[in-house]
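**Q** no sequence on this one, just coordinates:
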């Protein structure tokens, strides 16, 4: 399921990027986008793995990672794709929507087993509000 999630999310996001870049008359920017995005993901994965190994985690690291991802995506769109601010906004919105759709597809195609649902329910009920 984890591998399928990565494949489906990546495929839909690259497909969405191709569509948006074609609409923005920048289809030539697709390959540089894929290359830079993959390298950024590689380094961000290493950084978050190291933070986890050092015992750092939780909501603060999650929020900080989200902010770093947004900054990286804006800079990729600005510096590599050379998009205008409105084009950057539309590109990021389409990327976000395609990621959400991909997660819906994964959950529809690969539903959680009853054991996994029970684990999630138990973990959620043990968390203080």
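**A** Cool, the structure landed. Only a predicted model underlies this, so the values are computations on that prediction, with no experimental measurement involved.
**Q** which regions of the chain sit below the pLDDT cut-off?
**A** Within the chain, the stretches with pLDDT under 70 are 127-129.
**Q** Provide a complete list of residue ranges assigned to helices in it.
**A** Here the chain has its helices, by DSSP state H, at 2-23, 30-53, 59-75, 85-109, 114-126.
**Q** the inter-axis angle of the second one versus helix 2-23?
**A** Going back to what we said before, that points to helix 30-53. Interaxial angle, helix 30-53 versus helix 2-23 (axes from the mean of the first three to the mean of the last three CA atoms, to 10 degrees): 140 degrees.
**Q** in stretch 99-106, what counts as buried?
**A** Residues of stretch 99-106 classed as buried: 102, 105-106 (neighbour count, 16 or more other CB atoms under 10 Å). C-beta here means a position set from N, CA and C on the backbone, and glycine is covered the same way.
**Q** same deal with stretch 28-43?
**A** 29-30, 33, 36-37, 40.
**Q** Then stretch 75-89?
**A** Neighbour-count burial for stretch 75-89 flags 76-77, 81, 83, 87-88 (criterion: 16+ other CB under 10 Å).
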